[in-house]
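Undergrad: Here is a sequence with its predicted model. Questions after.
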There are 2 protein chains.
Amino acid sequence: MTLDWTERFQGTAALPRAVRDRLIDVARIIHLEEGAQVFGPANVPDSLFFLYDGRIRVSQSSDTGREITLYRVDAGESCVLTTACMLAEEAYNAEGVAETEVTAVVLPKPAFDRLVTEEEAFRKFVFNAYSKRLIDLLRVVDDVAFGHMDVRLAERLLALAGDVKEIPATHQQLASELGTAREVVSRVLSDFQKREMIAQSRGRIALIDKKALKILASSK
Amino acid sequence: MTLDWTERFQGTAALPRAVRDRLIDVARIIHLEEGAQVFGPANVPDSLFFLYDGRIRVSQSSDTGREITLYRVDAGESCVLTTACMLAEEAYNAEGVAETEVTAVVLPKPAFDRLVTEEEAFRKFVFNAYSKRLIDLLRVVDDVAFGHMDVRLAERLLALAGDVKEIPATHQQLASELGTAREVVSRVLSDFQKREMIAQSRGRIALIDKKALKILASSK
DNA sequence: CATGTTAGGTGACAAAGTCACTGAAGAGGT
DNA sequence: ACCTCTTCAGTGACTTTGTCACCTAACATG
């Protein structure tokens, strides 16, 4: 696969051709199937991932069985948490799981170090990635600490739906998105249903009044 | 102040003499008094801070008046959130406030870029700083999303106390540490008092049974 | 000592998390 | 088609946390 994959990489600091060519020399391309764990407590990586295609969900779980989505890594982004992971000796319970089939560029640490040293564009790309994640996490903290469940759930439903109107998701999955319990999601959803904003069937939710959801999502 | 201040800077990548000398050329040293805002929504910095002495508290506040401490920047550390701040156009509501009198080294962005480019030790220092903060935030998310109030408060009391046994803090200040409401702190503290773990007086809390607090802090 | 300000207490209620249990929907085999 | 197993969702009771309104206590100042 000698494609021009670095064109995929976005951000203020898209990688110019010179850097891309160098990357191709040192990088390895891997495929992961849906559901595969990219990294986790029992699986500390020694390389850096740059996502060419697919999506990775990064989450944190409690020892009481609850879970929360921290952010998603999309095509063109890198997963800097693995870097932090490598540097920090501490054990912590974040994990990344491939949400779709994934094609990623894997850069061994020495190669990463060299590129960071020698290529300004690459360095900017990496700094950008760090900053983006920091800000993602600030948003999560804000949400969890100060947000209301109904608002957060409405937001998430809209985000997961995108352009379509039906979402394939169980209550448990939504609870894991938001870091809450299934029962709580069930309660809020049945409220949404009463107010005719959604319709439910086993494992799917239809957003029948997106407008109302949007109003709710941007309130409180 | 031509002191050897870079000796203060810690981490896996302590800065060697060569880098320190270069830093001194380009850096400006500033003093801030206790309570001064280092950065904030209305005060987006265009420079990077390296803390020589003192402590900065970085917090996030909701629009409903609640607040949570994200982490503290101690002597020898840098505040990378300002970097993220600069890169991200988004407005967000994190702010840094000097908790003590502060002496900091200020590096204008161009100088920062140059150093990052040319000095490996400096680059490592910065990457380390980013990683540390990411992990700090993971911890905050974990706490807020899954932690119990009594445990979190016990932890915080012990952390704030350090070696001594009395803490000068109001219930409101503790609430702002944990991202909760004053009434909640009052309730939990009065419970601690009933269980004879602490003693209270206006604006101060005495930890009279640290052992019990420690047990509580490492449970659930 | 009078007065204003800030810290802390209280009770009632709402929102969210926990627990134990129930029934319903679908998948797979026969 | 029917039975069975598993997963998903609904429910009620209860606990914890957050919110609101209001009150009292402690200190600071003139």
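TA: Great, that's in hand. Numbers count the residues shown, from 1 in each chain, chains lettered A, B, ... in the order given.
Undergrad: Could you say which helix or strand holds the residue nearest the centre of chain A?
TA: The residue lying closest to the centre of chain A (Cα atoms, centre = their mean) is A:Arg72, at 0.7 Å. Element membership for A:Arg72 (DSSP states H and E) is strand A:67-74.
Undergrad: Can you name the residues in contact with that strand?
TA: With Cβ atoms under 8 Å, 6 or more residues apart in numbering or on different chains as the test, strand A:67-74 has contacts from A:49, A:51, A:55-61, A:79, A:81, A:94, A:96, A:99, A:133, A:136-137, A:140, A:144, A:175-179, B:138, B:141, B:145. The way it works is simple: take the backbone N, C-alpha and C, and place the C-beta from them, glycine included.
Undergrad: Show me those that map onto strands.
TA: A:49, A:51, A:55-61, A:94, A:96 (DSSP state E).
Undergrad: and the residues you listed as TSV, adding pLDDT?
TA: Putting these into TSV (pLDDT from 0 to 100) gives the following:
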residue	pLDDT
A:Phe49	86
A:Leu51	92
A:Arg55	96
A:Ile56	96
A:Arg57	96
A:Val58	96
A:Ser59	96
A:Gln60	96
A:Ser61	95
A:Ala94	90
A:Gly96	93
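Undergrad: any idea how far the nearest residue to A:Ser186 once chain neighbours are set aside lies from A:Val184?
TA: Closest residue to A:Ser186 apart from its sequence neighbours, by Cβ to Cβ, 6 or more residues apart in numbering or on different chains: A:His171 at 5.1 Å. Look at A:His171 and A:Val184: by Cβ to Cβ, to the nearest Å, they are 9 Å apart.
Undergrad: Between those two, point out the one with more neighbours.
TA: Neighbours were counted for A:His171 and for A:Val184 using other Cβ atoms under 10 Å in any protein chain shown; A:His171 has more, 20 against 15.
Undergrad: Count the residues that sit near A:Asp163.
TA: Counted with other Cβ under 10 Å, A:Asp163 comes out at 4.
Undergrad: does it count as helix, strand or coil?
TA: Assigned with DSSP: H, G, I helix; E, B strand; the rest coil, A:Asp163 falls in the coil class.
Undergrad: Contacts only, for whichever residue of chain A sits closest to DNA strand D.
TA: Per Cβ to the nearest atom of the strand, the residue of chain A with the smallest distance to DNA strand D is A:Thr170, at 3.1 Å. By Cβ under 8 Å, 6+ apart, A:Thr170 lies in contact with A:Gly203.
Undergrad: Phi, psi for it please.
TA: Here is the backbone geometry of A:Thr170 (degrees, to the nearest 10): phi -90, psi 160.
Undergrad: does the lowest-mean-pLDDT helix or strand in chain A come close to chain B?
TA: Within chain A, no helix or strand scores below helix A:17-26, which has a mean of 72 by mean pLDDT, DSSP states H and E. No: using Cβ under 8 Å from any Cβ of the partner chain, we find that helix A:17-26 stays clear of chain B, coming within 14.4 Å at best.
Undergrad: what is the mean pLDDT for the helix or strand just after that helix?
TA: For helix A:17-26, the following helix or strand on the C-terminal side (DSSP H and E) is strand A:28-32. In this model, strand A:28-32 has a mean pLDDT of 91.
Undergrad: What strands line up against strand A:28-32, and which way round?
TA: Sheet pairing of strand A:28-32 (DSSP bridges) gives strand A:102-108 (antiparallel).
Undergrad: Now do the strand it pairs with, average pLDDT.
TA: Rounded mean pLDDT across strand A:102-108 is 90.
Undergrad: what angle do the helix or strand just after it and strand A:102-108 make?
TA: Downstream of strand A:102-108, the next assigned helix or strand under DSSP H and E is helix A:109-118. On the basis of axes from the mean of the first three to the mean of the last three Cα atoms, to 10 degrees, helix A:109-118 is oriented at 80 degrees to strand A:102-108.
Undergrad: filter the contacts of strand A:67-74 down to the ones near DNA strand C?
TA: Taking Cβ under 7 Å from any atom of the strand as the test, DNA strand C is in contact with A:Gly179 out of these.
Undergrad: domain parsing for chain A?
TA: With domains defined by automatic domain parsing, chain A comprises A:5-145, A:148-217.
Undergrad: now, of these, which is deepest in the fold?
TA: Most buried of the domains of chain A, by mean neighbour count (mean count of other Cβ atoms under 10 Å in any protein chain shown): domain A:5-145, with a mean of 18.
Undergrad: could you give the angle of the least confident helix or strand of chain A to strand A:102-108?
TA: 80 degrees.
Undergrad: wait, does the longest helix along chain A contact chain B?
TA: Using DSSP state H to define each element, chain A has its longest helix at helix A:120-146. Yes: applying Cβ under 8 Å from any Cβ, one finds helix A:120-146 touching chain B at A:120, A:123, A:127-128, A:130-135, A:137-142, A:144-146.
Undergrad: returning to what we had before: need the ones in strands among the contacts of strand A:67-74 in a markdown table (columns: distance to A:Pro108).
TA: As requested, the ones in strands among the contacts of strand A:67-74 are exported to a markdown table (distance: Cβ to Cβ, whole Å):
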| residue | distance to A:Pro108 |
| --- | --- |
| A:Phe49 | 11 |
| A:Leu51 | 17 |
| A:Arg55 | 23 |
| A:Ile56 | 19 |
| A:Arg57 | 24 |
| A:Val58 | 21 |
| A:Ser59 | 26 |
| A:Gln60 | 26 |
| A:Ser61 | 28 |
| A:Ala94 | 22 |
| A:Gly96 | 18 |
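Undergrad: Turn these into CSV, columns for distance to chain B.
TA: Shown next, in CSV, are the ones in strands among the contacts of strand A:67-74 (distance: Cβ to the nearest Cβ, whole Å):
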residue, distance to chain B
A:Phe49, 15
A:Leu51, 18
A:Arg55, 20
A:Ile56, 16
A:Arg57, 15
A:Val58, 10
A:Ser59, 10
A:Gln60, 6
A:Ser61, 9
A:Ala94, 6
A:Gly96, 13
